[in-house]
Each structure stands twice: as C-alpha cells, then as structure tokens.
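> Need the 3D shape of this:
(one chain, ligands or ions: 1)
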Amino acid sequence: MNVLILGTILKDVYLNLDPRKEHFETDKHGSQWLNLGFNASQHYFFYRKSCLGGAAVTLEVLSKMGIDAKIMGSDLQLTQDGLSSESTNIYRYILISNHGVSYLAPSSRPISTFIPPQTPYDYIFIDRSANLDDTTIDNLVSYLESTPRTILALYLPFAHKPELDFLVKIADIVFIETDSSKPNKIKPNNNSQHFIYLNEHSISTNGLTEPLSPNRIDVFTHLSTYSIISATILGSMILNLPLETGLKMCRANAENSKLDTTLSLPKLKELASNRTTQKNLELIAANLLIRPKGILAADESGGSIKKKFAKLGIPDTYESRRSYRDILITAPSLDEYVSGVILFDETARQKTSTGESFVDYLINHRIIPGIKVDQGLQKYPNSDETYTTGLSGLDQRLSEYYKIGLRFAKWRAAFEIQLNRQNHIITPTDRAVMDNCRILAQYAKKCQNHGIVPIVEPEVVFDGYYSIEQSATTTAKVLDCLFTELSTLRVNLKACILKTNMIIAGKHYPAQSTPEEVGRATANILKSHVPQELAGIVFLSGGQTVEQSTDNLAAIVKNGPFPWPITFSFARALQDPSLYAWNGDNSNAESAKRALIERLIANTSVL
Ligand code: 13P
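Numbering: from 1, shown residues only. Below you'll find the model as predicted:
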C-alpha cells in the first residue's frame, strides 16, 4: 500500500524562552509582547530546536508505521537518522513562554499543485498543511476519476477554504478538525464515507471516543499533535487494524512522541494494547491535580440527589436531574477552575441541552470526566458500621466507562467516630477499617487495570461528637491501613489520588475547630501518614458550611509545602449555593451557574 501526500513542508523553529530574561516589551494595556528586536545570541532559551513540520510530520508518522509514503513534489524520506533534510523557505516560529504558546506563521502558503503520478497510488492524503486552489482540485478530481480504486483521504481544518467543500463530498475518509467549544455540523453524506472528528483533546469516530492528554512540558504543540493524530489513524486504517486499536495508537503517538521523533509501529502496537500504561495513568492523575484547579464532585447517587431535591421541594425526575447537572457542567469558564468532574452513572449517559453527551462536552472543554463507581454503603449485621459495595461486576463497568471516555473514578468508604462513656473511640472498629481499606485497594487496582485513575476516599464523617484529636487519631489509623492495603496490591501510587476529610472536631462537639487548628492538624497528619509518591490529595467538604470549607482549605494550604499537590474536590461546598439559586426552576439557570463559579473562584484563589 502506498500513499501520496499533498501538503506543505514547513520548517518549525521552536523557541522556549526563559521568561526571567528580558525578551518582552509591555504595551499600554499591560500585556507583554515578544521583543522581536532581541539579540538571541545574548539571551537564554530553555530549549531551542528546529525541525520539519507540516506534511513532513505526516510522512514521518506513516513511514514509521512501515507505510510507503511520499509528499507530492518532494523527495523527503525517513532515514535511520530521521527525516532527510529538505530545504524549505517556509518558516514557522513557535514561541513558548510563561505567557503560553504563540505562532509566527506565514499568512499564506504556496499553492499545493497536483501532477498526476506515473504509477498509481492506493491512497491520496490531503494533509492539514495543503493549500489547494480550484485548478489543483480539478486536476485531482480528474485523476481520481481515472483511478477509481485510489482512496481519497482529506483533512479538513477548522477554518478551511470553501474550495474544500467539494472534496468533502467525494472523499472516502475525512478528518474533521473540531473546535472544542462548538458542536460539529459536518456529517457524512453517504454510508461509505468514514468521518473522523478530532481536536487536540479527543478523537472520535463510529461512536468511539479516545480522549487525548498531550499536555506536554516540552515544546510539542497542538499543530504537530493534529498531524500526528490524523496520520496515525490513517496509517492504522491502511494497515487494516481495528478502529479501537487505531484510536489508541493515535493517543499513544500524541502523548509519547518526542519533537521530531514519532513512535514506530511495534511501539504503537505495544502501547495501544497495554491500556493500563502507567505513564498514561500518571499523566491523567497529574492533569487532575494541575494548580490552581479543583475537582467538582457532581456524583450524587439516585438516593442522595433525591434527598437534596426533597429539602427544597424540587421534583426528582430524570429531566430535573439532567437540568441540574447541565447547569453545573455547562457553567461558563468551568475549565478555568476545575480539572475534572465526577459524575454518577445516570449523568454520564445524559446530554446537555444542546444534545452533546455530558462526557463529550467535558472532554471538549478540557475537563477530565470521572465517575463514582461504588454502589453505596451496606451495614454489617447488628451494627451501625458499614462497608462499601460495588466490587461485583466492577470490571465490566470500568471497561464500559473507559470506552465512553471516563478517565478517573471515585469510591467512598465512610467511618463514623463513636465514643463510649469514658470518651474512648469505639468505632470505627479494626474490622470496618480493614475491610473497607482492603476493598478500596481492590477497587483501585481494578481501575488501574482498566486505564482509569482511582480516587480512594476513606471519609471520617464530620457528623459526630468527637474532638479534633480524635479526628486526627482515627484518620491516621485509616490512612495507615489504606496505604498498607494499596501497597499489598501494588497499586501505583503515582497514579492514585487520595480524597480525604479535613482533621476537624465533629459537627456536634462543643469546642469547634478554628481554621488554624484544622490547617495545622490536617497538614501534620497528612505529612506523617501519606507516602510521598502519591499523585496528590483532594479534600471533601463533608457537610461543613461553604465558607468554613474554603477557610479551612486556605489554612491547610498555609501549612505547606507538601510533597504532593493538594486541592479541593467538594460536592456540597461547591454546589449548595447553585442548587438554592436554581431551586428547580430553569429560568434561574444563569444565576445558578454564577453561584457555582463564585465558589470555584473563592476556592481556587486560596490554593
Ligand atoms: P462533600 O464535599 O459534599 O462532602 O462531597 C464530597 C464527595 O464527593 C463525597 O463522596
């Protein structure tokens, strides 16, 4: 099988500027511009490299997959030392600084011409970098008419010239670049066309979606990511690999390639078949803990949401639950404050008011969707203590959740502190602690086996009559047991997040804890009972008031630094003002969204 690529070879110059040096001028609005008059030889770059971009990336990906590929009008080839150098005068500068990534690219590219090849090609691929005019399109169309077996694959950039619209109608395979914030309207016009929708955060086709996390600390930008994704999926189709494998190979290539070295076919296959690659899991965990963001818990089970609604007299229906979650999930700029949202099974299958699934909506807005997978608490016989259920059938559920795009999960165990008349702690008992921690570890292991990052949540519940010291003793005991069980099952702690209560006197205890006490005690217990390699810690609010949760979070942060990132993952302390503002009436949706964002601003600003 051979492929002819139509596109432009670019010279990409990546400059990762050291922001501590004076490369920037400030304009009258206070924003900084690169000072183009700077003398590069007198300045420092963290990184500076040039490599071939545009169609050259496509050629490299296909060649590394063992496919015979050629760029129209060029002899560029992949050799053992990489791409053989090709002179090009089309430079694109990619500037990376702490202000983000910006591009200095030519405003127009030369027209890509099409000269009918002597020997037939199995595939013609119009690359993202191609610049076609009517004459080229006419030449191409007449050639295709003369070689009906040639498959036409077309990359349709988000802002494309109208000339390409005709090719969309006749292409066999179309890659459609989507804007994360707008639903896509372009659909195949017949059953034999294969449409693939992609952006730098996900790729989807035929009902399958593969989220991508190419958040790289090196200078890999979305431009090359797009080329890598489209070329990899095309390569997998040429090789006749199952679509699911192809999507995973795209992800592996986008997430693991180095600048100017994409992955070989054996490596792609290995990464695609190993869904549990620890590196991917660690990357997801790190992205969930990116500062200064938190994780919104919107995962109330059917029973919990019913109780919440009942308090306000809101009818508990499938549609009222959907409307409420729609308010939370589609709140404007949510992605500035949260890295992930935890959903409940029903919500993960529901859609926004504009018809996009909540999961896709989140992915398209750079928010990682997660899911509560435990199935609630079960009392031990003749006891008020509980253990958490949900292990049975969990493998199947995780596998399905992975397929629909969910990338992290949550499991909650609850421990109530009860005291005897001598003020000694009688619950949680050793049995309840051991059982629950063992179950949490089993759940975490299963998640990692399915490519899902586990959040383990052993909650010492706030609703009790106990001192801050008793909260500390109990939490420490639970944490010690949990980390022993996680280590026994060899759960990768770098891809595991702890969701914990703050150390605080019980809600009914006469001497309520001050933020200073909560901050100090929580920091002390966590620093001495949580292994350093853990990916991070998030806090639940546990029934504290909205302001109390934020004040206590701020006080904990002040007691840092910590060896792991810490942030919030509240449900009630984020949602309550929004729920009251909505009150079951969708005409209040805008003020309900604002109320959520206000809590997010308050909490992210103390991190
Ligand atoms: P709260 O913040 O309301 O305690 O909820 C957190 C959570 O997700 C409990 O599982």
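
> centroid residue for this structure?
Nearest to the centroid of the C-alpha atoms of the chain, with distances taken as Cα atoms, centre = their mean, sits residue 368, at 3.8 Å.

> Now do the contacts for it.
Shown in contact with residue 368 (Cβ atoms under 8 Å, 6 or more residues apart in numbering): 211, 213, 284, 287-288, 339-341, 362, 407-408. The C-beta positions use only the backbone N, C-alpha and C, and glycine is treated the same way.

> Can you pick out the ones from those that are in strands?
Among these, the members falling in strands are 211, 339-341, 408 (criterion: DSSP state E).

> Pick out the most distant pair among the contacts of residue 368.
When the contacts of residue 368 are compared pair by pair using Cβ to Cβ, the two farthest from each other are 213 and 341, 15.6 Å apart.

> re the thing from before, which of the ones in strands among the contacts of residue 368 are close to the ligand?
Among the ones in strands among the contacts of residue 368, no residue sits close to the ligand (Cβ under 6 Å from any ligand atom).

> Now do whichever residue of the stretch 301-450 of the chain sits closest to the ligand, the pLDDT please.
With Cβ to the nearest ligand atom as the measure, residue 412 is the residue of the stretch 301-450 of the chain nearest to the ligand, at 4.2 Å. Reading off the confidence values, residue 412 has pLDDT 98.

> Please list the residues of the protein that sit near the ligand.
Within the chain, the positions adjacent to the ligand are 297, 412, 457, 540-542, 570-573 by Cβ under 6 Å from any ligand atom.

> ok but residue 10 is inside a strand, no?
Yes - using DSSP: H, G, I helix; E, B strand; the rest coil, the assignment for residue 10 is a strand.

> can you pull the contacts of it?
52-56, 88, 90-92, 129.

> List the beta-bridge partners for the nearest residue to it once chain neighbours are set aside.
Nearest non-adjacent residue to residue 10, counting by Cβ to Cβ, 6 or more residues apart in numbering: residue 54, 3.8 Å away. In this structure, residue 54 bridges to residue 9 when assessed by DSSP bridges.

> tell me the contacts of residue 54?
For residue 54, the contact set (Cβ under 8 Å, 6+ apart) comprises 7-10, 12, 90, 92, 127-129, 227.

> wait, which of those residues is closest to residue 118?
The shortest gap between residue 118 and any of the contacts of residue 54 belongs to residue 7, at 20.2 Å (Cβ to Cβ).

> That closest one touches residue 58, doesn't it?
Yes - Residue 7 sits in contact with residue 58 when judged by Cβ atoms under 8 Å, with a separation of 6.5 Å.

> where in the stretch 251-400 of the chain is pLDDT low?
Where the stretch 251-400 of the chain drops to pLDDT under 70, the residues are 274-277.

> so where do the helices sit in the stretch 501-607 of the chain?
In order along the chain, the stretch 501-607 of the chain carries the following helices (DSSP state H, counting those that start in this stretch): 515-529, 546-558, 572-582, 589-604.

> Now do the second one: which elements does it pack against?
Judged by 3 or more Cβ pairs under 8 Å, 6 or more residues apart in numbering; DSSP states H and E, the packing partners of helix 546-558 are helix 515-529, strand 536-539, strand 566-568, helix 572-582, helix 589-604.

> most tightly surrounded among the ones you listed?
strand 566-568 (a mean of 25; mean count of other Cβ atoms under 10 Å).

> Return the list of strands paired to that one, each annotated with direction.
Looking at strand 566-568 with DSSP bridges, its paired strands and their directions are strand 536-539 (parallel).

> List the neighbours of the partner strand that are in contact with it.
When contacts are taken as Cβ under 8 Å, 6+ apart, the neighbours of strand 536-539 outside the stretch itself are 285, 288-289, 294-295, 455, 497-502, 526, 530, 549, 553, 556, 562, 564-570.

> So for it, mean pLDDT?
Strand 536-539 comes out with an average pLDDT of 98.

> ok so, going back, mind putting the ones in strands among the contacts of residue 368 into CSV with distance to residue 137 and neighbour count?
Shown next, in CSV, are those (distance: Cβ to Cβ, whole Å; neighbours: other Cβ atoms under 10 Å):
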residue, distance to residue 137, neighbour count
211, 34, 22
339, 43, 23
340, 44, 28
341, 44, 27
408, 45, 26
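
> Name the nearest of the residues you listed relative to residue 223.
The closest of the ones in strands among the contacts of residue 368, once distances to residue 223 are taken by Cβ to Cβ, is residue 211, at 19.4 Å.

> The closest one against residue 363, yeah?
Yes - the pair residue 211 / residue 363 is scored as a contact, 5.1 Å apart, by Cβ under 8 Å.

> and for these two, which residues touch both?
Overlap of the contact sets of residue 211 and residue 363 (by Cβ under 8 Å, 6+ apart) consists of 201-202, 405.

> List the residues that contact the residue in the stretch 251-400 of the chain positioned nearest to the ligand.
Taking Cβ to the nearest ligand atom as the measure, the stretch 251-400 of the chain has residue 297 as its residue closest to the ligand, at 3.4 Å. By Cβ under 8 Å, 6+ apart, the residues touching residue 297 are 342, 410, 540, 569-571, 574.

> What's opposite the residue nearest to the centre of the chain in the beta bridge?
Using DSSP bridges, the beta-bridge partners of residue 368 come out as residue 340.

> how close does it sit to residue 254?
Look at residue 368 and residue 254: by Cβ to Cβ, to the nearest Å, they are 16 Å apart.

> Can you check which residues contact both of residue 7 and residue 58?
In the contact map built from Cβ under 8 Å, 6+ apart, the residues linked to both residue 7 and residue 58 are 71, 127-129.

> Farthest pair within those?
The most widely separated members of the shared contacts of residue 7 and residue 58, counting by Cβ to Cβ, are 71 and 128 (12.9 Å).

> shared neighbours of the two, which are they?
Listed as contacting both residue 71 and residue 128 by Cβ under 8 Å, 6+ apart are 7, 58.

> Looks to me like residue 110 is in a helix.
No - with three-state DSSP as the criterion, residue 110 is assigned coil and is not in a helix.

> is it true that it touches residue 8?
Yes - taking Cβ under 8 Å as the contact criterion, residue 110 and residue 8 are neighbours in contact, 6.8 Å apart.

> Name the residue in these two with the higher neighbour count.
Summary of the neighbour comparison: residue 110 and residue 8, criterion other Cβ atoms under 10 Å, with residue 8 having more neighbours (23 against 11).

> how much space between the closest residue to the more buried one other than its chain neighbours and residue 78?
Take residue 8 and drop its neighbours on the chain: the residue closest to it by Cβ to Cβ, 6+ apart is residue 129, 4.3 Å away. Distance check for residue 129 against residue 78: by Cβ to Cβ, it reads 17 Å.

> what's the answer for residue 509, then?
69 Å.

> Let me know how buried the closest residue to residue 445 other than its chain neighbours is, in neighbour terms.
In space, not counting the residues next to it along the chain, residue 445 is nearest to residue 489; the distance is 4.6 Å by Cβ to Cβ, 6+ apart. Neighbours of residue 489 under the rule other Cβ under 10 Å: 15.
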